[in-house]
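Novice: Got a predicted model here, sequence first, then my questions.
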Amino acid sequence: MKTLFAILFLLSGFQASAQIEVSLDIKRRLWVRHEPLEATVSIVNNSGHELMLEDTETQPWFSFEILKDGNTPIAPYEMNYHLDPLLIPPGQAMKRTVNLTNLYPLSSFATYHVRAAIYLPEAKKFFTSNLLKVEITDGKKIWSKKVGVPDGQTGAGSLRTYSIMTFRQDGKGLTAYARVEDDETHSTIATYSLGRVVSGSTPLGELGADNTLHVFHLTAPNTYMLTKIDVDGEWLGQSKWLSAKGRAAVRRKPDGTMVVVGAKREIAQTERDKPIPKLSDRPAGLAQ
């Protein structure tokens, strides 16, 4: 793997022929520390015959070149990861989306240059994608609470810190974020983007009886989002709430149950109800 890493940077930008085309797409330039940074790699087979992409004894077929601040190579967490072989029919395109935050140490405040690199065994050559620049920064903390892990759960008695932040994306307005940190290891368990925040409003944080974090924020006129995240950084879902007039809020009743006051839930589930990988889910290989 060390040999691969050296070769990749010697061959940066090298395209041997038109056998395959590789392109990289990352949706935005600015990212908050520890949030999932998704990169989509597209591979087009222009060889005129089937291509089998698979690891060799010395080279993985799928990898990335990442430079920190333009000159420092960043190695993956797992130097000997393995990805299943991929067969691409002639003229067909395949895509792979990966969370770079789980695969590479990208938590420093810095600018990173990212390029995908595909090794074609039959040609014994690398094919690289376009080069993209991303910047790792952080949001403005507006709320924070230290809580204990409840009895009966793994790590019971240890402490976690919840934070709610806001961050202004270039040309996209203000976005809300939530973060879960482990006080014992001083590490970040998960950081999630919660969606757009209406200018002038402030996301609200409230704790359930089991110390689950509930974040309630105004995302559009008379439209709120309620997000639930537990002490282990698990994403428990996000729902949309509609308010006819006035301001709505999330409250904890004396019996510990959580209620939304001043709004009604929209029946349809939002796209963000699906699970989102957190940092502790870091795989041994590349995620599909």
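Specialist: Arrived safely, thanks for sending. Residues are numbered from 1 along each chain as shown.
Novice: residues in contact with the closest residue to Ala156 other than its chain neighbours?
Specialist: If you skip the residues right next to it in sequence, Ala156 has Val149 as its closest partner in space, 5.2 Å away by CB to CB, 6 or more residues apart in numbering. Placement of C-beta: from N, CA and C, glycine included. For Val149, the contact set (CB atoms under 8 Å, 6 or more residues apart in numbering) comprises 155-160, 211, 231-232.
Novice: In a markdown table: the residues you listed, plus neighbour count and distance to Asp69.
Specialist: Listed next are the contacts of Val149 as a markdown table, based on neighbours: other CB atoms under 10 Å; distance: CB to CB, whole Å:
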| residue | neighbour count | distance to Asp69 |
| --- | --- | --- |
| Gly155 | 14 | 36 |
| Ala156 | 11 | 41 |
| Gly157 | 10 | 41 |
| Ser158 | 14 | 35 |
| Leu159 | 14 | 34 |
| Arg160 | 22 | 32 |
| Asn211 | 16 | 39 |
| Val231 | 25 | 35 |
| Asp232 | 16 | 33 |
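Novice: In strands, which of those residues fall?
Specialist: Secondary structure from DSSP state E places 159-160 of the contacts of Val149 in strands.
Novice: Which pair of the contacts of Val149 spans the longest distance?
Specialist: Pairwise distances among the contacts of Val149 were taken by CB to CB; the largest, 14.0 Å, belongs to Gly157 and Asp232.
Novice: Any regions of the protein where pLDDT drops low?
Specialist: Under the criterion of pLDDT under 70, the regions of the chain flagged as low confidence span 1-18, 268-288.
Novice: how does it look with 80?
Specialist: For the chain, the stretches with pLDDT under 80 are 1-18, 79-82, 170-172, 246, 267-288.
Novice: As a check, name the ranges of all helices in it.
Specialist: Listed from the start of the chain, the chain has helices (DSSP state H) covering 2-10, 100-103.
Novice: of all the contacts of Val149, which comes closest to Ile26?
Specialist: Distance from Ile26 was checked for each of these by CB to CB. The minimum falls on Asp232, at 27.9 Å.
Novice: Without its sequence neighbours, what residue ends up closest to that closest one?
Specialist: Distances taken as CB to CB, 6+ apart place Ile189 nearest to Asp232, at 6.9 Å, with adjacent residues excluded.
Novice: wouldn't the one you found be in contact with Asp183 here?
Specialist: No. Applying CB atoms under 8 Å as the test, Ile189 and Asp183 come out as separate, 10.6 Å apart.
Novice: Neighbour count for those two, which is higher?
Specialist: For Ile189 versus Asp183, neighbours defined as other CB atoms under 10 Å are more numerous around Ile189 (20 against 13).
Novice: Which residue is the nearest non-sequential neighbour of Ala220?
Specialist: Counting by CB to CB, 6+ apart, the residue nearest Ala220 is Val198, at 6.7 Å.
Novice: mind listing what that neighbour touches?
Specialist: Remark: with contacts taken as CB under 8 Å, 6+ apart, Val198 is in contact with 174, 218-221.
Novice: Buried ones only from the residues you listed, please, as a ChimeraX command.
Specialist: Applying 16 or more other CB atoms under 10 Å to the contacts of Val198 leaves a buried subset, and the ChimeraX line that selects it is:
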select :174,218,219
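Novice: Could you export the contacts of Val198 as a markdown table, including distance to Glu206?
Specialist: Shown next, in a markdown table, are the contacts of Val198 (distance: CB to CB, whole Å):
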| residue | distance to Glu206 |
| --- | --- |
| Leu174 | 20 |
| Leu218 | 15 |
| Thr219 | 17 |
| Ala220 | 21 |
| Pro221 | 23 |
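Novice: Would you mind checking which of the contacts of Val198 is nearest to Glu50?
Specialist: Here the nearest of the contacts of Val198 to Glu50, counting by CB to CB, is Thr219; it sits at 46.6 Å.
Novice: Quick check: Met52 touching Asp84?
Specialist: No. Here Met52 lies out of contact with Asp84, judged by CB under 8 Å, at a distance of 11.3 Å.
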